[in-house]
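> Whatever this is, show me its structure:
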Amino acid sequence: MSGGARPRHFLDIRDHAPETLRAILDDAKAMKAARAGLPKGAPDPEPALPGHALAMIFEKPSTRTRVSFDIGMRQMGGHALLLNGAEMQLGRGETVADTARVLSRYVDAVMIRTTSHANLMELAEHSSVPVVNGLTDDSHPCQIMADILTFEEKRGPVAGRKLTWTGDGNNVATSFIEAATLFGFELVLACPETLSPSPRALAFAAERGAKVRVERDAERAVEGADAVIADTWFSMGDDPSARESRHNQLAPYQVTARLMEGAAPGAIFLHCLPAHRGEEATAEVMDGPQSAIFDEAENRLHVQKAILKWCLGV
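Here you go, the predicted structure:
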């Protein structure tokens, strides 16, 4: 996009100052508290985005992202328009740049859930309205903002605490590394060497002196952790023929009740969902007293509302 003020995009955690991220979380907490006791479909007491429209582009299936953004816009007095990538002209050869220019004439903001991070960046480059990253193969910033909100509801301020990631060093792990750097918590990632986190993300943390490290042994990694975090071992778009190999590589990183016993007293378990019970975590952990996974899922709604408000300057 050329000319005029740049829109406020929310593309990656690393793009924002700690104060901005904290302000978004504080707003999410306030909006969540203000909705106490209201029906899910009721408008907010003071709807922040009356008349605003959000285009939601999905090139990957979704439950939490789709519903939370849609309901969030409705609660704030706005509207959300669902666009399936395969049914758009984008799926028939129209460029991402032209799609961005057209949507900018119709809506106030765009959320995209896509495979290629380059598509997200191109959309943002040519859009004159804010673009929000609903997930790419590289990162998942909205999820991590919800995770930080959930942690702080359960355990207090995240700064100075220890969180442990177990499993594949994937896109969610990348955003956690960026969050550890900007929110000031320690992050240990227990991953097999073959599925290590993004070197770029690790370099971002190292350059800023963050307490982020990779550990091959899950039991050592969780020692004293205030939260243990897992994600699916097999994501959308992964090669189906690699399922058995990935399972074998990641089996030592399964979160069990025994592994949780090695964490700090009161440690919580987080998982962004969807989960494959009995793979990355046992049902005993997922349904146990330390699990905060459904609070975490709910908090996607509140955080994303705050992100949209920030993007639109409200």
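
> Do a quick rundown of the strands in this protein.
Using DSSP state E, the strands of the chain run over 53-58, 79-84, 109-113, 131-135, 162-166, 186-190, 212-215, 227-230, 268-271.

> And the second one, what does it pack against?
For strand 79-84, the helices and strands in contact under the criterion 3 or more CB pairs under 8 Å, 6 or more residues apart in numbering; DSSP states H and E are strand 53-58, helix 64-75. Backbone N, C-alpha and C define where each C-beta goes, glycine included.

> From the centroid of the chain, which residue is nearest?
Gln143 (1.9 Å; CA atoms, centre = their mean).

> how near is that one to His16?
15 Å (CB to CB, to the nearest Å).

> Switch the strands of the chain over to a markdown table; also include distance to Lys32 and mean pLDDT.
As requested, these are exported to a markdown table (distance: least, CB to CB, whole Å; pLDDT from 0 to 100):
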| stretch | distance to Lys32 | mean pLDDT |
| --- | --- | --- |
| strand 53-58 | 19 | 97 |
| strand 79-84 | 19 | 94 |
| strand 109-113 | 20 | 97 |
| strand 131-135 | 19 | 98 |
| strand 162-166 | 21 | 98 |
| strand 186-190 | 25 | 98 |
| strand 212-215 | 29 | 98 |
| strand 227-230 | 19 | 98 |
| strand 268-271 | 17 | 98 |
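
> can you list those in CSV and add distance to Glu296 and mean neighbour count?
Formatted as CSV, the strands of the chain follow (distance: least, CB to CB, whole Å; neighbours: other CB atoms under 10 Å):
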stretch, distance to Glu296, mean neighbour count
strand 53-58, 21, 22
strand 79-84, 22, 16
strand 109-113, 18, 28
strand 131-135, 15, 27
strand 162-166, 13, 27
strand 186-190, 17, 24
strand 212-215, 21, 18
strand 227-230, 10, 27
strand 268-271, 6, 24
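
> Now tabulate these in JSON lines and tack on distance to Glu261.
Output for the strands of the chain, formatted as JSON lines (distance: least, CB to CB, whole Å):
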{"stretch": "strand 53-58", "distance to Glu261": "39"}
{"stretch": "strand 79-84", "distance to Glu261": "43"}
{"stretch": "strand 109-113", "distance to Glu261": "36"}
{"stretch": "strand 131-135", "distance to Glu261": "32"}
{"stretch": "strand 162-166", "distance to Glu261": "13"}
{"stretch": "strand 186-190", "distance to Glu261": "15"}
{"stretch": "strand 212-215", "distance to Glu261": "18"}
{"stretch": "strand 227-230", "distance to Glu261": "11"}
{"stretch": "strand 268-271", "distance to Glu261": "12"}
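
> so which of the ones you listed comes closest to Ala201?
Each of those has some distance to Ala201 by CB to CB; the shortest is strand 212-215, at 8.5 Å.

> who touches the closest residue to Ser175 other than its chain neighbours in this structure?
Once flanking residues are discounted, Ser175 sits nearest to Ile144: 4.2 Å by CB to CB, 6 or more residues apart in numbering. Applying CB atoms under 8 Å, 6 or more residues apart in numbering to Ile144 gives the contacts 13, 172, 175-176, 178-179.

> Between these, which sits nearest Leu195?
Proximity to Leu195 was ranked across the contacts of Ile144 by CB to CB; first place goes to Val172, at 12.7 Å.

> Hmm, the closest one is touching Ala201, no?
No. Between Val172 and Ala201 there is no contact, the gap being 11.1 Å when judged by CB atoms under 8 Å.

> who's in contact with Ala257?
282, 284-285, 288.

> any idea how far it lies from Cys272?
From Ala257 to Cys272 the distance is 21 Å (CB to CB).

> And for Thr164?
15 Å.

> so where's the stretch 151-300 of the chain uncertain?
Counting by pLDDT under 70, the stretch 151-300 of the chain contains low-confidence ranges at 235-239.

> For the residue nearest to Ser175, give its distance to Leu21.
10 Å.

> joint contacts of those two?
With CB under 8 Å, 6+ apart as the test, Ile144 and Leu21 both reach 13, 179.
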